[in-house]
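J.: Would you be able to build a 3D model of this:
(one chain, ligands or ions: 2)
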Amino acid sequence: MQVVRAEEMYEWDRKAIEAYGREGHILMENAGRTIAEQVLRDFSGEEKFLVLIGGGNNGGDGFVLARILRDKGKSVTAIQVVPDEKIKGDAQYHKEIYEQSGYVLDSLSEEDWDRNTVVIDAMLGIGVDGPLRPPFDELVEKVNASYLAKVSVDIPSGLPADEGAEDFQAVQADITYIVQAPKQSLYLDDTRGFYGEWRILDIGLPPAASPETGCRVWSEEAVRESYPAIPASAHKGTRGKGLVIGGGHMMPGALIMAAKASIRAGAGLTTAATVPAIVPSIAPSLPELMFTGVTETDGVITDIDAGILGGKDGVAVGVGMGRDPRSQSVVETLLTGTEGRLLIDADGLYHLKDLLSSLKEREGETVLTPHIGEMARLCDKEIAEVKRNPFSLSKSFAREYGVSLVLKGPATIITTPGGEQVVETSGNEGLSKGGSGDVLTGILLTTMMQHSSMKEALSNGCFLHGRTAELVIERTRTVYDIVPTDLIDHLSLTFRTME
Ligand SMILES: NC(=O)C1=CN([C@@H]2O[C@H](COP(=O)(O)OP(=O)(O)OC[C@H]3O[C@@H](n4cnc5c(N)ncnc54)[C@H](O)[C@@H]3O)[C@@H](O)[C@H]2O)[C@@H](O)CC1
Ligand SMILES: [K+]
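T.: Residues are numbered from 1 along each chain as shown. Ligands and ions are numbered 1, 2, ... in the order given. So this is what the prediction gives:
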């Protein structure tokens, strides 16, 4: 499924009408009807609906919805919140059908907020532009202050569809019925909460008319289709020989988690390059792991011998490495001395900041896995700005430096060097703990060695991580007490669903 910006949604709509012979008022009928049917399924009791209808096509959906709810014998108070002259085109067409059906439009009174149980917000859709003008500013406030269940049509009124919005006032919906395709704002930290629960409803826009947005949502189905099966002829040498570099003497845990996750995710052979002092503490609990030395001073990794990189199918650097400036040379050696797939995470990203120009020259495929704070530092932006514009900032960064980027968060955005994007949304708030990123790094090290497409490797790896968190919480833990090592121990829960 594609993630769309408002402009792309309009293009889909326009093409459906102009090239595929779907009349606009038919699309509106389909949208209103599909949403009405879902409303009837979700609110099947004695609800009393207050429908607020705006002046654009979102309001047009509202006229259809109000008519269908009335046809079904529901109690409906329908309010057109703008003057008659604002209602035009397809919305006017459906307003006339509503009225010809013998249904009336009411005037909003204070009692409506007490008498009804559900408010349906069909005031503003993806056409919202700038700060809310009267009467919408006041109505949005009233909706939010009311005790009614709040249902938004397509998007909570006032909320922009696209990333980048700074100041907005919007309905805080309990449920949003999204028309046809998710909009970018569904995946941003500052806007996703306004949608409440949400459902994406197919209103029948022809798929062939859909715009190529270059951004899609990853799904379980995509995972099943693209996760490579293990051939019967497989042996340890064909399942990926990976190297994890990190774990200075103060942070061995990060290295342990990454290495263990890589092993459990199915790597053929995993080697850790770390300071020798921590090896005795790791080795007994991880017998599958091999070790190789590094150059160190006072427990800080100061360099690696490029010889250890030979024959490796993938290298991950940064977990628990520390930010001592003397470690920067490790990242430098990797950027210039390796040609294979290289993943840079955590403290590796910290050191990378001064080495970005060598990144441009690197010939092998490079993956960076920043969280939002690390991304802000990498691209010299404020955290708030990255949060507002994760899609465009990721795209320009990935293109400029020729890297694959995994911008981690509740909705992880994966961007290819060519600018193609995937949104991966599995997981839960239990993942917001130190160590989750290290586990992800280990999983991604394995998936990137086992998939030929880097995009699929990263999307599937993120899924494996997030879906396991969901399944662990269904079975044993809760979002409070789940810890990153639980994910490693339960990867089989997700692998089983893929069989
Ligand atoms: N494929 C599609 O694009 C489809 C879209 N449909 C619906 O149409 C909606 C988009 O319709 P429109 O383009 O008419 O846009 P809207 O319904 O969002 O309304 C735009 C109207 O709101 C007013 N407005 C914009 N910003 C405002 C502000 N800040 N303060 C006060 N008034 C403001 C404008 O004057 C304009 O009249 C979608 O959200 C969806 O609900 C469906 O009917 C069918 C298919
Ligand atoms: K709306």
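J.: The helix or strand residue 28 falls within - what's its average pLDDT?
T.: Assessed by DSSP states H and E, residue 28 sits inside helix 24-42. Helix 24-42 carries an average pLDDT of 96.
J.: Following the chain onward from that helix, which element is next?
T.: Later in the chain than helix 24-42, the nearest helix or strand by DSSP H and E is strand 48-53.
J.: Quickly note the distance from the most centrally placed residue in the chain to ligand 2.
T.: Centre of the chain computed as the mean C-alpha position; nearest residue by CA atoms, centre = their mean is residue 411, 2.5 Å away. Between residue 411 and ligand 2 the computed distance is 21 Å (CB to the ion, to the nearest Å). To be clear about C-beta, it is placed using only N, CA and C from the backbone, and glycine gets the same treatment.
J.: Would you mind listing the residues in contact with that residue?
T.: Neighbouring residues of residue 411 by CB atoms under 8 Å, 6 or more residues apart in numbering: 186, 187, 188, 192, 423, 424, 425.
J.: pull the CA atoms of the helix-or-strand element of the chain with minimal mean pLDDT into PDB?
T.: Of all helical and strand segments in the chain, the minimum by mean pLDDT, DSSP states H and E falls on helix 279-282, at a mean of 88. Extracted in PDB, the C-alpha atoms of helix 279-282 (Å, rounded to 0.1, in the frame of the first residue of the first chain):
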ATOM      1  CA  VAL A 279      35.900 -11.700  26.000                       C
ATOM      2  CA  PRO A 280      35.900 -13.900  29.100                       C
ATOM      3  CA  SER A 281      32.700 -12.400  30.300                       C
ATOM      4  CA  ILE A 282      30.900 -12.900  27.000                       C
END
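J.: Let me see the ranges of the helices in the stretch 301-450 of the chain.
T.: Listed in chain order, the helices of the stretch 301-450 of the chain (DSSP state H, counting those that start in this stretch) span 328-337, 346-352, 356-361, 372-378, 383-388, 390-401, 436-450.
J.: mind listing what's buried in the first one?
T.: Taking 16 or more other CB atoms under 10 Å as the basis for neighbour counts, the residues of helix 328-337 that come out buried are 328, 329, 330, 331, 332, 333, 334, 335.
J.: Next: the third one.
T.: Burial within helix 356-361, assessed by neighbour count using 16+ other CB under 10 Å, is assigned to residue 359.
J.: just to revisit the earlier point, export the helices of the stretch 301-450 of the chain to a markdown table and append columns for mean pLDDT.
T.: Output for the helices of the stretch 301-450 of the chain, formatted as a markdown table (pLDDT from 0 to 100):
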| stretch | mean pLDDT |
| --- | --- |
| helix 328-337 | 93 |
| helix 346-352 | 96 |
| helix 356-361 | 92 |
| helix 372-378 | 97 |
| helix 383-388 | 96 |
| helix 390-401 | 98 |
| helix 436-450 | 98 |
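J.: what's the most buried one of the ones you listed?
T.: Comparing the helices of the stretch 301-450 of the chain by mean neighbour count (mean count of other CB atoms under 10 Å), helix 436-450 ranks first with a mean of 29.
J.: Which one, of the helices of the stretch 301-450 of the chain, ends up nearest to residue 55?
T.: helix 383-388 (27.7 Å; CB to CB).
J.: Tell me which residues are up against the closest one.
T.: So helix 383-388 is contacted by 163-166, 188-190, 372-373, 375-376, 379, 393 (CB under 8 Å, 6+ apart).
J.: Could you identify the most distant pair in these?
T.: Across the contacts of helix 383-388 (CB to CB), the longest gap, 21.2 Å, separates 165 and 373.
J.: if we can go back for a sec, please dump the contacts of helix 383-388 into CSV; it should also carry distance to residue 438 for every row.
T.: Listed next are the contacts of helix 383-388 as CSV, based on distance: CB to CB, whole Å:
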residue, distance to residue 438
163, 29
164, 32
165, 34
166, 34
188, 26
189, 22
190, 27
372, 17
373, 16
375, 18
376, 20
379, 23
393, 24
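J.: List, out of these, those positioned next to ligand 2.
T.: Residues of the contacts of helix 383-388 in contact with ligand 2 (CB under 5 Å from the ion): none.
J.: Just give me the closest of these to residue 215.
T.: For the contacts of helix 383-388, the nearest to residue 215 is residue 163 (10.8 Å; CB to CB).
J.: Sticking with the closest one, tell me its helix or strand.
T.: For residue 163, there is no helix or strand it lies in under DSSP H and E.
J.: Quick one: neighbours of it, just the number.
T.: Residues lying near residue 163 (other CB atoms under 10 Å) number 20.
J.: got it, and residue 17?
T.: 18.
J.: could you say which helix or strand contains it?
T.: According to DSSP H and E, residue 17 maps onto helix 6-18.
J.: and what of residue 78?
T.: Per DSSP H and E, residue 78 falls inside strand 75-80.
J.: Excluding chain neighbours, give the residue nearest to the residue nearest to the centre of the chain in space.
T.: residue 187 (3.8 Å; CB to CB, 6 or more residues apart in numbering).
J.: mind listing what the one you found touches?
T.: When contacts are counted by CB under 8 Å, 6+ apart, residue 187 touches 3, 390, 411, 413, 423, 425.
J.: who touches the first one in this structure?
T.: Taking CB under 8 Å, 6+ apart, we find residue 3 in contact with 181, 182, 183, 184, 186, 187, 213, 215, 216, 217, 421, 423.
J.: Which of the residues you listed ranks first by neighbour count?
T.: residue 183 (27 neighbours).
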